[in-house]
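Colleague: Quick one, what's the 3D model for this:
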Amino acid sequence: MPLTLDHANTLIAAAIKEGETRGFAPLAVCVLDAGGHVQAFQRADGASMMRFEIAKGKAYGALAVGKGSRWLNAQAEGRPHFLEGLSNVSGGKIVPVPGGVLIKEEDGTLLGAVGITGDTSDNDEIAALAGIAAIGKVAVTD
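Modeller: Numbers count the residues shown, from 1 in each chain. Model (predicted):
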């Protein structure tokens, strides 16, 4: 079953609530379907500008390579030329830091990705995991 708007909205609400509960800075959450199209986006009150672009870039990067953006972050550190090339061929759309998480079914079917920004990258990823858990799907961070 594909990722639905209801899934995306539930994921976003749970991720933002997780951030509020943990005292994170205001988060922005972008959910992409498996084809990289925006399914839904919300920005918490007080989130700074450019949050849509950053959240989308984290999710887009995860989808682009089939791994979570934590993996991309490791590649940026160990293989900077690879990330430079990837950035160039994507038109600069990829943000290679944690907070971009793939969304899969139990059987491994790719449904999409979520990108979250606003706090530290690790905290963004924590919120993403909470959102994905709220819709009963599998999260892939690296």
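
Colleague: alpha carbons only for contacts and neighbour counts from here, please
Modeller: Will do.

Colleague: Beyond the helix or strand harbouring Ala14, next helix or strand please.
Modeller: Secondary structure from DSSP states H and E places Ala14 in helix 5-22. With elements assigned by DSSP H and E, the helix or strand that comes after helix 5-22 is strand 28-33.

Colleague: which residues are in contact with the helix or strand that that following strand is followed by?
Modeller: If you walk from strand 28-33 toward the C-terminus, the next helix or strand you reach (DSSP H and E) is strand 38-43. Taking contacts as Cα atoms under 8 Å, 6 or more residues apart in numbering, the residues outside strand 38-43 that touch it are 4-5, 8-9, 12, 26-33, 51-52.

Colleague: Quick one: distance of stretch 70-85 to the chain centre.
Modeller: Computed by Cα atoms, centre = their mean, to the nearest Å, the separation of stretch 70-85 from the middle of its chain amounts to 17 Å.

Colleague: contacting residues around it?
Modeller: Stretch 70-85 is contacted from outside by Gly61, Ala62, Pro96, Val97, Pro98, Gly99, Gly100, Thr141, Asp142, using Cα under 8 Å, 6+ apart.

Colleague: Most neighbours among those, please name it.
Modeller: The most neighbours of any of those, using other Cα atoms under 10 Å, belong to Gly100, which has 41 neighbours.

Colleague: Could you pull out the helices in this structure for me?
Modeller: Using DSSP state H, the helices found in the chain span residues 5-22, 51-65, 69-78, 80-89, 121-134.

Colleague: so of these, which one's packed in deepest?
Modeller: Among these, helix 51-65 has the highest mean neighbour count (mean count of other Cα atoms under 10 Å), at a mean of 26.
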